[in-house]
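[1] below are the sequence and a predicted model for it; my questions follow.
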Amino acid sequence: MAYQNSTVPFEKMLMKFVLDEEPMLSMLKWLCERLMEAEVEGKLGAEKSERSEDRQGYRSGYRVRRFDTRMGTMYLMVPKIRNGGYIPFFVEAKKRSEAALMSVIQEAYVNGVSTRKMDRLTKTLGIESISRGQVSVLTKELNEQVEAFRQRKLEATYPVLWVDALYERIRDNRAVKNMAVLVVTGINTEGKRDILAVEPMYEESAATYTKLFDNLKERGIEKVWLVVSDAHKGLVKAARESFVGCSWQRCKVHFMRNILGCVSSRDKKFFAEKLKQIWLQPDYDSAKKYADGLMNEYEGKYPQAIATLEEGLEDSLQFFNFRQIDARKIASTNLLERLNREIRRRTKVVGIFPSMDSYIRLVTSYLIEYSEDWSSGRSYINPMLINEIQQQLSKSA
């Protein structure tokens, strides 16, 4: 069914889509074709058949292009331009991640995964068929893009870094292992988010975290104000030694889980509500006063939980030193947790990765797209607030 008349009310179009065998795929196809027409009009400076002195070029009919998506395969009528050519922006953006998916599939073939499993995987990914020769060319180009992104130069100052690990099942020397991949996200002095590192770790230790941070410094980072992470001792030690003078914020969400692990299931919900109030206080002194009262009240009933709270409390309150910044953004690793959920949503269709390289290639391909979106979007933290903090730090130095 064709959906070429853009003047038809969208409500009527929806009714047509519902009657199709694949309504979501039909809707996506219609939307892609509308976007292509708008993009070509903008590129040429004129609508179709319009006479205009500002016209920058001319159309030359259409070409059919197959487009594989996770909803299925569709065939698009892509407008042709006489001089310069035209590739839809969504094809370019998708090309990188789809190439990464196909390279994982190719590697699985090489490592002897059964044809039955591969057929099931490709259908899950929404890819109709695969050419090994085509995948090889894409993989080579993709490897170069991934490596360039992972080794690119960084800015001198990143006010905040969020550090967290992803764990996936990856084949290593014929054995399937749960392996960690560190993702580091930061904000620059303009308040924009960026993905700074995607690094595999065969073990979590102070040495491996130090290597991670040394790599960031070799790529240009000189100053970090705050590192937000869970309480892995190796990570904390490496962060403090690598970025002298920076603060460490213990993720309040991870910290609460640690505390509640010492509370009976019956009382968890009740005590969690009490705990949350610590980090909702308006300032550091209020938080300390509330926490002291809570510890005095419940140290007899939950001695182990209170001991855990007392030991880690100070590290969980470091965000109060940056009062200009919304506490919800820097008191936890929620920013990375959301990103990790998006990554897992895509990697779960693969299951066991044939190698660490294939995993890094796939994850980095997705993260490049996030990084590009963040760089062109709104600031995560107001740059004026960052400048204010920077001036205060300079005066106190």
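    Perfect, thanks for sending it.

[2] report the residue ranges of every domain in the protein.
    10-87, 92-148, 155-396 (automatic domain parsing).

[3] can you give me the mean pLDDT across the longest one?
    Averaged over domain 155-396, pLDDT sits at 91.

[4] repeat that for stretch 50-70.
    77.

[5] in that stretch, what's buried?
    59, 67-69 (16 or more other CB atoms under 10 Å). Every residue, glycine included, has its C-beta placed from N, CA and C.

[6] give me the subset of those residues lying in helices.
    Residues of those located in helices (DSSP state H): none.

[7] just the strands in the protein please.
    For the chain, strands defined by DSSP state E occupy the ranges 59-69, 72-81, 157-172, 175-187, 193-201, 223-229, 247-250.

[8] now for the fourth one, which elements pack on it?
    The elements that strand 175-187 packs onto, with contact taken as 3 or more CB pairs under 8 Å, 6 or more residues apart in numbering; DSSP states H and E, are strand 157-172, strand 193-201, helix 206-218, helix 334-347, helix 356-376.

[9] how about the helices of the stretch 201-350 of the chain, start to end?
    In the stretch 201-350 of the chain, the helices defined using DSSP state H, counting those that start in this stretch lie at 206-218, 233-242, 252-260, 268-279, 284-298, 303-316, 327-330, 334-347.

[10] count the neighbours of residue 38 for me.
    Using other CB atoms under 10 Å, the number of residues around residue 38 comes to 12.

[11] and residue 140, by the same measure?
    When neighbours are counted by other CB under 10 Å, residue 140 comes out with 11.

[12] residue 312 now?
    With other CB under 10 Å as criterion, residue 312 counts 17.

[13] for residue 324, what are its contacts?
    Contact analysis of residue 324 by CB atoms under 8 Å, 6 or more residues apart in numbering lists 385, 388-389.

[14] ok, and the closest non-adjacent residue to it?
    residue 385 (4.3 Å; CB to CB, 6 or more residues apart in numbering).

[15] my guess is the one you found contacts residue 326. True?
    No: Residue 385 is beyond contact range of residue 326, at 9.1 Å (criterion: CB atoms under 8 Å).

[16] more neighbours, those two?
    residue 385 (17 against 13).

[17] in contact with the more buried one, which residues?
    Neighbour list for residue 385: 191, 324-325 [criterion: CB under 8 Å, 6+ apart].
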